[in-house]
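A.B. asks: predicted structure and sequence below. I'll ask about it afterward.
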Amino acid sequence: MKKLLFINACVNRGTSRTYRVGKELVSLLKKSGGFDVCELVLEKENIQALTSETLNKKLELAEKNEFSNELFRYANQFKEADCIVIASPYWNFGFPAILKIYIEAVSVPGIVYRYGEWGYPIGLCKAEKIYYVTTRGGYVGDEKDLGYAAIVEIAQQYGITGTKCIGVDGLDILVNDVEALVKKTLENLPNQI
Ligand SMILES: Cc1cc2nc3c(=O)[nH]c(=O)nc-3n(C[C@H](O)[C@H](O)[C@H](O)COP(=O)(O)O)c2cc1C
């Protein structure tokens, strides 16, 4: 069965608008693509930022081609996913630090990409597409969202040819009908996949 990896960087998921949209997208993709879904709730994953110790350990393992080691589990899981959905709120110009830490765990040369003869990266990931779901308090736009910009670069480096941003702006603007904005996004999701 094809695998969908749902990377959930949302907090307060009971009320998170980003999670609401992300969850619905995953459910639609599951129905249309028959995916087996694996959801990673990042705040529950206990992923640590790299330290001298963990970086050196990983370098040592990579040197010996021991890529099946448990320390590389996030990278191997990411590489093997057929479809990837990231749900992440817009925080301070981009995504929350926890998603950056997750990306640090995933971004292993030799697993998700390798270097070609002339030093350029060659992607090794299986997925054809990353969907990036986000909601923002103000009016930012997908093109100014540094979180989405990073995902586009990452996808290119990892050999994932398609990226799609599903972003909703203006959710903290008092005069906006927030429920209507979210509902409109949910209704439009079938046209986005
Ligand atoms: C820590 C933090 C940082 C934020 N930074 C910004 C920001 O820089 N620009 C903005 O428009 N909204 C910002 N917001 C508002 C969120 O983007 C907005 O409330 C979003 O809808 C939250 O998603 P959620 O409902 O899924 O939690 C921030 C919110 C938090 C909690």
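C.D. replies: Here it is on my side, so go on. Just so we're clear, the structure is a prediction, and the values are computed from it rather than from any experiment.

A.B. asks: sketch out the strands for the protein, chain order is fine.
C.D. replies: Assigned by DSSP state E, the strands in the chain fall at 3-8, 36-41, 83-87, 113-115, 121-123, 129-135, 162-168.

A.B. asks: the first one and the ligand in contact?
C.D. replies: No - residues of strand 3-8 are not located near the ligand by Cβ under 6 Å from any ligand atom, the shortest gap being 10.3 Å. For glycine as for every other residue, the C-beta is placed from the backbone atoms N, C-alpha and C.

A.B. asks: avg pLDDT for that strand?
C.D. replies: If you average the pLDDT over strand 3-8, you get 98.

A.B. asks: so which bits of it are buried?
C.D. replies: Buried residues in strand 3-8, counted by 16 or more other Cβ atoms under 10 Å: 3-8.

A.B. asks: quick one: list the elements packing against the lengthiest helix in the chain.
C.D. replies: In the chain, ranked by residue count with DSSP state H as the criterion, the top helix is helix 17-33. Counting contacts by 3 or more Cβ pairs under 8 Å, 6 or more residues apart in numbering; DSSP states H and E, helix 17-33 packs against strand 3-8, strand 36-41, strand 83-87, strand 129-135, strand 162-168, helix 178-188.

A.B. asks: got the residues of the chain near the ligand?
C.D. replies: By Cβ under 6 Å from any ligand atom, the residues of the chain that approach the ligand are 10, 12, 16-19, 89-93, 135-138, 140, 171-172.

A.B. asks: which residues touch stretch 114-122?
C.D. replies: By Cβ atoms under 8 Å, 6 or more residues apart in numbering, the list of residues contacting stretch 114-122 from outside reads 109, 113, 124, 157, 159.

A.B. asks: where's the first one relative to Pro121, distance?
C.D. replies: Read it as Pro109. According to Cβ to Cβ, to the nearest Å, Pro109 and Pro121 sit 8 Å apart.

A.B. asks: do the second one as well
C.D. replies: When distances are taken as Cβ to Cβ, Tyr113 and Pro121 turn out to be 5 Å apart.

A.B. asks: next: the last one.
C.D. replies: For Gly159, the distance to Pro121 (Cβ to Cβ) stands at 9 Å.

A.B. asks: quickly list what's touching both of those two.
C.D. replies: With contacts defined as Cβ under 8 Å, 6+ apart, the residues adjacent to both Gly159 and Pro121 are Tyr113.

A.B. asks: more neighbours, these two?
C.D. replies: Using other Cβ atoms under 10 Å as the criterion, Gly159 and Pro121 rank with Gly159 on top: 18 against 15.

A.B. asks: right, and that one touches Ile130 too?
C.D. replies: No - with the criterion set as Cβ atoms under 8 Å, Gly159 and Ile130 do not qualify as a contacting pair; they are 11.4 Å apart.

A.B. asks: for Arg20, give me its contacts.
C.D. replies: Counting by Cβ under 8 Å, 6+ apart, the residues that Arg20 touches are 182, 186.

A.B. asks: no further questions, thank you.
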